[in-house]
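Peer 1: here is a sequence together with a model predicted from it:
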Amino acid sequence: MIIRDVMTKSPVTVSEDTTVTEAKAIMTKNNFSKLPVLDKSKRLIGIITKNDIQKASPSDATTLDMFELGYLLSKLTVGKYMTKKVITVDETEVIEEAARIMVDNNIGCIPVLKDDVLVGIVTENDLFRLFTEIFGARQSGVRAVVSLPDKPGQLTNITNHIAELKGNLISVVTRETKDKNFRRSTIKATDISLEQMDSILKNAGAEIVDLRII
C-alpha cells in the first residue's frame, strides 16, 4: 500500500509567523497535536507540536498577570519554537516504511512530500485506521491466531481448505516471532463455523494460539 492512498491530504498548516496562541487554538479546534510549518514559498520548514507550545508557554509559577501573559504569548511565533529537523517521506513510499520510521524515531506523524511540496501527512490515526481495515475489524467472522513453521505453503494449505468449505477470507496477517523458525498468523474468515476452522487448523498441524468468533 502506497502512502498517498492512506495519508491525510491537504493538511492544515501554519506559517513561521503564526503566533503560538493561534497555533494552539488551531490544534484545540481540530483536535490536532502537530502542525506542519510552511515558509512564504509554501515550503516545509518545520513542525510545531503541543510539546513545543508547552515549552514556549510560561510556567504556572510565573508572576505575570493575565494581561502581561496574553501580551507575551501574542509575541511568540511558531518559527522560534518549532522543530526544524523534520523527517519526511515521498508520497510514493510504502506505508510500512512510514510506520517503521515513526516507530524507530518515536514520532507521531510524518509530513508527505511530492517534488518537495507538502501534499499530506501520515499520523498515528491514519495507521490505526489502516490497522483496523487490514484486520477486518468491522466485519464479523471466525478469527484464528496460529503459530506456523516459517516454510513455503503453510498458509496456503489452510486458506485452500477454507475455500473448499466455501469460507470467505477477510484478512490474513503474519508477523515474526522470537523463534525465527515460526511465524504468528492471524486469519479471519466468514461463512465458516468455529468448529470447521478448528478442524482445518488442527489438520494442518498449526499451533492454535487463539480461536474465537468476533
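Peer 2: Received it, and whenever you're ready, just let me know what you need.
Peer 1: what about the closest residue to Leu211 other than its chain neighbours, how many neighbours?
Peer 2: Computed as C-beta to C-beta, 6 or more residues apart in numbering, the closest residue to Leu211 that is not its neighbour in sequence is Ala144, at 4.9 Å. For the C-beta atoms, the positions are set from N, CA and C on the backbone; glycine is no exception. Neighbours of Ala144 under the rule other C-beta atoms under 10 Å: 23.
Peer 1: start the count at 23 instead of 1 going forward.
Peer 2: From this message on, residue numbering opens at 23, which makes the last subject Ala166.
Peer 1: make sure Ala166 is actually in contact with Asp232.
Peer 2: Yes: here Ala166 reaches Asp232: they are 7.1 Å apart, a contact under C-beta atoms under 8 Å.
Peer 1: before we move on, back to that, tell me the contacts of the residue nearest to Leu233?
Peer 2: By C-beta atoms under 8 Å, 6 or more residues apart in numbering, the residues touching Ala166 are Thr208, Ile209, Lys210, Met219, Leu223, Ile230, Asp232, Leu233.
Peer 1: kindly reformat these as CSV containing distance to Thr145, secondary structure and pLDDT.
Peer 2: Shown next, in CSV, are the contacts of Ala166 (distance: C-beta to C-beta, whole Å; DSSP: H, G, I helix; E, B strand; the rest coil; pLDDT from 0 to 100):
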residue, distance to Thr145, secondary structure, pLDDT
Thr208, 24, strand, 98
Ile209, 29, strand, 98
Lys210, 26, strand, 98
Met219, 35, helix, 98
Leu223, 36, helix, 97
Ile230, 35, strand, 98
Asp232, 30, strand, 98
Leu233, 33, strand, 98
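Peer 1: buried ones among those residues?
Peer 2: Neighbour-count burial within those applies to Thr208, Ile209, Lys210, Met219, Leu223; the criterion is 16 or more other C-beta atoms under 10 Å.
Peer 1: can you pull the contacts of the second one?
Peer 2: With contacts defined as C-beta under 8 Å, 6+ apart, the neighbours of Ile209 are Arg165, Ala166, Val167, Val168, Leu177, Ile180, Thr181, Ile184, Leu191, Ser193, Val194.
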